[in-house]
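>>> model this:
(one chain, ligands or ions: 2)
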Amino acid sequence: MPQTAIIGAGVMGEALLSGLVRAGRRVDDLMVGEKRADRAKELEERYGVTVVSNAEAARKADTIALVVKPQDMNDVLEEIAPELRPGQLLVSIAAGITTSYIESRVPDGVAVVRVMPNTPALVDEGMTAIAPGSHCDDSHLAEAEGLMGSTGRVLRVPERQMDAVTAISGSGPAYIFFVVESMIEAGVHLGLPRATATDLVIQTVVGSAKMLRETGTHPVVLREQVTSPGGTTAAALRELETHRVRAAFLAAMEAARDRSRALAEGT
Ligand SMILES: NC(=O)C1=CN([C@@H]2O[C@H](COP(=O)(O)OP(=O)(O)OC[C@H]3O[C@@H](n4cnc5c(N)ncnc54)[C@H](O)[C@@H]3O)[C@@H](O)[C@H]2O)C=CC1
Ligand SMILES: O=C(O)[C@@H]1CCC=N1
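Residues are numbered from 1 along each chain as shown. Ligands and ions are numbered 1, 2, ... in the order given. Below is the predicted model of the structure:
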């Protein structure tokens, strides 16, 4: 079986590792490179996975997922580049880091795929976009698709869309959690017990997401179905418009897109 290494086993590294294990990948075909010794030990105990040096991971694995912060990417590439050989595949999960940034730091003939997953990968409901680098063929994309497909849906996009993708689905779960948090607080302000407000909000979000996915109906139509003339929803939506929530979402996602662009420059 081809060997897969994950370098950087924080939040996303573990999401990927656990997804591969849940999808039935043999733990013997996986290895992890992780700088923090306590974290490495935790993963060894939790999954039975072998922790190796980054150099060994680069030497032994056919596919290497790079799951470190963008700011750590240069150091990791400097460490593994002498061990890499043509034919291997690097799958980078780092926000903002372009395939050309990576290609310029590794030997010719090493294929690079840039991917942008999100944390719902932890419950197999992830959304990952993947984009090929310049030395990629379809088998490399298929390999990256298989890797990320263990944690949810995968969509192929051109690399020029990746900063926008990062702003929408990569960071997206945080916006949804922010909305959930705000609605729970509102419920408490309105006098509901916190546990009741939490139950109400979470099921409302899950139910609404399921409606979107299962009916395929446009969100505007679904919103109109809830909005009775002169009713409660209309009163609430007017406040959201008055407070420019739609404009705030646009500005927020432009800021995320711009931050993604800046990360490759190490700022
Ligand atoms: N957290 C998220 O929702 C998402 C994160 N990403 C991307 O995933 C990457 C990782 O993010 P997180 O998992 O959130 O960060 P994290 O900080 O939880 O994990 C990074 C891990 O890399 C390890 N590390 C750092 N330098 C290393 C080195 N030289 N060798 C081996 N291990 C090293 C750290 O000890 C840490 O465990 C980032 O590039 C981020 O842009 C992408 C999509 C979503
Ligand atoms: O906040 C970040 O930079 C990473 C990338 C997408 C989600 N988390």
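
>>> who's in contact with the closest residue to ligand 2 within the stretch 101-250 of the chain?
Nearest residue of the stretch 101-250 of the chain to ligand 2, counting by C-beta to the nearest ligand atom: G170, 3.4 Å away. Bear in mind the C-beta positions are built from the backbone N, C-alpha and C, glycine included. With contact taken as C-beta atoms under 8 Å, 6 or more residues apart in numbering, G170 is in contact with 95, 116-118, 260.

>>> what's the neighbour count on the nearest residue to R259 once chain neighbours are set aside?
Spatial nearest neighbour of R259, excluding adjacent residues (C-beta to C-beta, 6 or more residues apart in numbering): G96 at 7.6 Å. Neighbour count for G96, taken as other C-beta atoms under 10 Å: 23.

>>> swap in I184?
I184 has 20 nearby residues by other C-beta under 10 Å.

>>> residue numbering should commence at 23 henceforth.
Yep, numbering from 23; the last one is I206 now.

>>> quick one: it from R245, how far?
21 Å (C-beta to C-beta, to the nearest Å).

>>> what does L52 give?
L52 is 44 Å from R245, by C-beta to C-beta.

>>> and the residue nearest to R281, which of the three is it?
Secondary structure, DSSP: H, G, I helix; E, B strand; the rest coil: G118 is coil.

>>> OK, contacts around the nearest residue to L285 once chain neighbours are set aside?
If the residues on either side of it in the chain are set aside, L285 comes closest to G118, at 2.9 Å by C-beta to C-beta, 6+ apart. Going by C-beta under 8 Å, 6+ apart, G118 touches 92, 185, 188, 281-286.

>>> G118 and S282: what is the separation?
4 Å.

>>> what touches both of these two?
Residues touching both G118 and S282 (C-beta under 8 Å, 6+ apart) are 185, 188.

>>> can you list the residues of this structure near ligand 1?
29-35, 55-58, 61, 76, 89-92, 94, 97-98, 115-117, 138-141, 192 (C-beta under 6 Å from any ligand atom).

>>> out of those residues, list just those in helices.
If you go by DSSP state H, the residues of the chain next to ligand 1 have 33-35, 61, 76, 92, 94, 97-98 in helices.

>>> please identify which of those is nearest to D159.
Nearest to D159 among these, counting by C-beta to C-beta, is V98 at 24.5 Å.

>>> these two touch, right, G32 and E64?
No. Contact criterion C-beta atoms under 8 Å: G32 and E64 do not qualify, at 11.2 Å.

>>> for ligand 1, what's its nearest residue on the protein.
Closest point on the chain to ligand 1, by C-beta to the nearest ligand atom, is G32, at 1.9 Å.

>>> if we can go back for a sec, ok, L52 and R245, which is more surrounded?
Neighbour totals were compared for L52 and R245, and L52 leads with 22 against 12 (other C-beta under 10 Å).

>>> and the pLDDT for that one?
Note for L52: predicted pLDDT of 97.

>>> what's near enough to touch it?
25-28, 39, 42-43, 71-72.

>>> which residues does it bridge with?
Judged by DSSP bridges, the bridge partners of L52 are T26.

>>> I am finished for the moment; much appreciated.
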